[in-house]
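S.K.: Requesting a structural model of the entry that follows:
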Amino acid sequence: MKYFILEPDEDFCDGPLMENWKETFPPSLVCKEHFHKVPERNIISISATKDTIFPAMLMSPHILISEMVKSVIDMYGDEIMAKDVVMVDSARGKIERYFLTVLPELSGEIETLEQKRSAVIWGNTGVPLKYRNIFIIKLKEQRKIVVNLDFAESILRRNAQGICLEEIKLKEV
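M.R.: Numbering: from 1, shown residues only. Model (predicted):
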């Protein structure tokens, strides 16, 4: 199975700016251990322009996915933690729905082979890699979202905006 790192497109810079996110979901609560303390529905004030495009995924300050990406995750049956986030731009009357997520994180190491990214997944990952569609792996001290080919094709067919995909070779040990 082919895998890809899913990340925001570097050329995409006109996303919404969240104003009160630290009060709504403090960074200390956005983890597997404390996520139950985050309210089920959160309202975030945003600043947007008339040209603001809402991408399929936001990585900062936390992982926020669009309704479309969430529906693909649900379709494939992946277990994730998610809370509703309603983004409101009251100046322009714009409302968008996202999901604050905590994705499964796998242990791994990074190797560079032939100028391509490659990772070895090790340790007790519970579910075999071939049954995972979306997860996080730490590569070079950065957390990266990894998706399999089927998942990537599914979101691209649904016209995902503001993302890019980079192939990565994964091997489970």
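S.K.: what residue ranges in the protein score low on pLDDT?
M.R.: Applying pLDDT under 70 to the chain flags the ranges 13-14, 108-126, 173.
S.K.: So which residue is dead centre in it?
M.R.: Per CA atoms, centre = their mean, the C-alpha nearest to the average position across the chain is that of I63, at 4.7 Å.
S.K.: Report the contact partners of the residue lying closest to that one once chain neighbours are set aside.
M.R.: Once flanking residues are discounted, I63 sits nearest to T101: 5.0 Å by CB to CB, 6 or more residues apart in numbering. The C-beta positions use only the backbone N, C-alpha and C, and glycine is treated the same way. Each residue near T101 by CB atoms under 8 Å, 6 or more residues apart in numbering is listed here: H62, I63, L64, I65, I80, M81, A82.
S.K.: of those, closest to P16?
M.R.: L64 (9.8 Å; CB to CB).
S.K.: give me the beta-bridge partners of L64?
M.R.: L58, L100 (DSSP bridges).
S.K.: residues in contact with it?
M.R.: Counted by CB under 8 Å, 6+ apart, L64 has contacts M57, L58, V85, Y98, F99, L100, T101.
S.K.: same deal with L17?
M.R.: I46, S47, A48.
S.K.: how about 10 Å then?
M.R.: Contact analysis of L17 by CB atoms under 10 Å, 6 or more residues apart in numbering lists S45, I46, S47, A48, T49, T52, D89.
S.K.: so which of those is the most crowded?
M.R.: I46 (23 neighbours; other CB atoms under 10 Å).
S.K.: Need the contacts of T101 in TSV (columns: distance to M18).
M.R.: Formatted as TSV, the contacts of T101 follow (distance: CB to CB, whole Å):
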residue	distance to M18
H62	10
I63	13
L64	9
I65	15
I80	21
M81	19
A82	17
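S.K.: wait, which of those residues is closest to E40?
M.R.: Distances from E40 to these, taken by CB to CB, are shortest for A82, at 9.7 Å.
S.K.: Quick check: buried residues in stretch 77-86?
M.R.: For stretch 77-86, a neighbour-count test (16 or more other CB atoms under 10 Å) marks D78, I80, M81, A82, K83, V85 as buried.
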